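Chemist: Turn this into a model:
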Amino acid sequence: MNKKSSLTRADFLRLSLGAATGLSLSSVVTSCKSKPSETKVTETPATAAKAVTQKYSDHPGLQLYTLREDFAKDPAGTLKKIADLGYKELEFYDASMLAANAKTVNDLGMKIVSSHCLPGFVTGSWEAAEKAGAKKPANYTFENILDDCKKNDVHNLVVAYLFPDERKEYVALGDKLNKAGEKAKAMGIQLYYHNHSFEFDPSKGERPIDLLLKNTDPHLVMLELDCFWTSVSGNNAADFIRQHSDRVGMLHLKDVKAGTPTDYTTNAVAPEAFQALGDGTVDYKSVLAAANEIGVKYTFVEQDHSKDRPAIESIARSIKYLKDNAL
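Modeler: All right, here's what the predicted structure looks like:
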């Protein structure tokens, strides 16, 4: 029988915050172009030299959230499986896990190049998180995250998600992101914002994604474009990358099942909509060609849910797609 991923977004939040507050991951789970550069975080794609033609399959990346259940049960064993598949670069979903796992990652011939964090660390507000069943982490701050990133040679930090109650006041949010980005930049770390589908909602006038880009400094806040959510919102990811070459610095790669309806809620998308690369409708040859044109350095396979097969098999399919197509 295939093992299927069942963690919800709320489960992830409890997992992440549990790790940040010192709980064991296994107990939590069972209970629940500015072009980025590792040394020059102030360049933008508009001013930096374009990258030479590269194959992302030569240094494939994975967002560890994809294997959150496996990782919670057996961190070292899961990392070994990831390395054996040929992944070279990792993005963690919780910066508080960096210190405990960085050596294992490095010993396996991989590198942690990025980590996600929750918005409360930047905004200072945890009400929406608590409403979703999470709690403000004790004794762990944005400054602690920056320290953990710097100590473990991680040069990119991404604000992962906005809770429904936080999806407003984007001008004020932009100001807070800029201030956080300035702190990060001072430590050699580039701050990013990661999109879902709600940012593309046009129903209230100017789209949130446009407000966020307009009200953030491209030197301080870059965009990690999630191609799944961009596509689910009815937008073409390759076109968006080219249109915002000064902002898109990293990508999330996951495919969209045929017939998935356009969505601006994010939370209502069915788990079976998430597919391994090549099993859905996103034209990743065009997406990665556009990414290469503007000098995107890092791409991460991610699959929030794997309903058809174990998640480890899904990421094996995705890396095979990248290598078979020389992308």
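
Chemist: quick one: low-confidence parts of the stretch 51-200 of the chain?
Modeler: Residues of the stretch 51-200 of the chain meeting the criterion pLDDT under 70: 51-53.

Chemist: where do the helices sit along it?
Modeler: Remark: helices assigned in the stretch 51-200 of the chain by DSSP state H, counting those that start in this stretch are 68-73, 75-85, 98-107, 120-123, 127-131, 142-151, 170-186.

Chemist: Give the buried residues for the longest one.
Modeler: Meaning helix 170-186. Buried residues in helix 170-186, defined by neighbour count with 16 or more other Cβ atoms under 10 Å: Tyr170, Leu173, Gly174, Lys176, Leu177, Asn178, Ala180, Gly181, Ala184, Lys185. (C-beta placed from N, C-alpha, C; glycine too.)

Chemist: how about JSON lines for those, with distance to Gly124 added?
Modeler: Compiled in JSON lines, these are given as follows (distance: Cβ to Cβ, whole Å):
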{"residue": "Tyr170", "distance to Gly124": "16"}
{"residue": "Leu173", "distance to Gly124": "12"}
{"residue": "Gly174", "distance to Gly124": "15"}
{"residue": "Lys176", "distance to Gly124": "8"}
{"residue": "Leu177", "distance to Gly124": "12"}
{"residue": "Asn178", "distance to Gly124": "14"}
{"residue": "Ala180", "distance to Gly124": "10"}
{"residue": "Gly181", "distance to Gly124": "15"}
{"residue": "Ala184", "distance to Gly124": "16"}
{"residue": "Lys185", "distance to Gly124": "19"}
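
Chemist: Tell me the one among the residues you listed nearest to Phe198.
Modeler: Tyr170 (11.1 Å; Cβ to Cβ).

Chemist: Going along the chain, name the strands of this structure.
Modeler: Remark: strands assigned in the chain by DSSP state E are 61-63, 89-92, 111-117, 156-159, 190-194, 221-226, 248-253, 255-256, 274-275, 298-301.

Chemist: what's the offset of the longest one from the middle of its chain?
Modeler: For strand 111-117, the gap between its own C-alpha mean and the chain's C-alpha mean amounts to 9 Å (Cα atoms, centre = their mean, to the nearest Å).

Chemist: What strands line up against it, and which way round?
Modeler: Here strand 111-117 is paired, per DSSP bridges, with strand 89-92 (parallel), strand 156-159 (parallel).

Chemist: Then the last one?
Modeler: When sheet partners are counted by DSSP bridges, strand 298-301 sits next to strand 61-63 (parallel), strand 248-253 (parallel).

Chemist: if we can go back for a sec, figure out which of the strands paired with strand 111-117 is closest to Pro60.
Modeler: Nearest to Pro60 among the strands paired with strand 111-117 is strand 89-92; the distance by Cβ to Cβ comes to 7.1 Å.

Chemist: Outside of that closest one itself, list whatever touches it.
Modeler: Counting by Cβ atoms under 8 Å, 6 or more residues apart in numbering, strand 89-92 makes contact with 59-64, 82, 98, 101, 105, 110-116, 154, 156, 158, 298, 300, all of which sit outside it.

Chemist: Now it - C-alpha only, CSV.
Modeler: What follows is strand 89-92, C-alpha atoms only, in CSV (Å, rounded to 0.1, in the frame of the first residue of the first chain):
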residue,chain,number,x,y,z
GLU,A,89,21.0,21.7,-2.7
LEU,A,90,18.4,21.9,0.0
GLU,A,91,16.0,24.5,1.3
PHE,A,92,14.8,23.9,4.9
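
Chemist: tell me which residues in it are buried?
Modeler: Glu89, Leu90, Glu91, Phe92.

Chemist: Please name the bridge partners of the third one.
Modeler: The residues paired with Glu91 through beta bridges, assigned by DSSP bridges, are Gln63, Ser114.

Chemist: how near is it to Leu64?
Modeler: Separation of Glu91 from Leu64 (Cβ to Cβ, to the nearest Å) stands at 7 Å.

Chemist: now do the second one
Modeler: Separation of Leu90 from Leu64 (Cβ to Cβ): 6 Å.

Chemist: which two from the buried residues of strand 89-92 end up farthest apart in space?
Modeler: With distances taken as Cβ to Cβ, the most widely separated pair in those is Glu89 and Phe92, at 11.2 Å.

Chemist: before we move on, the earlier item: Ala76: which of the buried residues of strand 89-92 is nearest?
Modeler: The closest of the buried residues of strand 89-92, once distances to Ala76 are taken by Cβ to Cβ, is Leu90, at 13.5 Å.

Chemist: what's the closest non-adjacent residue to the closest one?
Modeler: If the residues on either side of it in the chain are set aside, Leu90 comes closest to Ile112, at 5.0 Å by Cβ to Cβ, 6 or more residues apart in numbering.

Chemist: what about the one you found, neighbour count?
Modeler: Ile112 is flanked by 23 other residues according to other Cβ atoms under 10 Å.

Chemist: For it, list the residues it contacts.
Modeler: The neighbourhood of Ile112, defined by Cβ under 8 Å, 6+ apart, consists of Glu89, Leu90, Glu91, Phe92, Leu98, Asn101, Ala102, Val105, Asn152, Asp153, Val154.

Chemist: among the buried residues of helix 170-186, which two are most distant?
Modeler: Tyr170 and Lys185 (21.3 Å).
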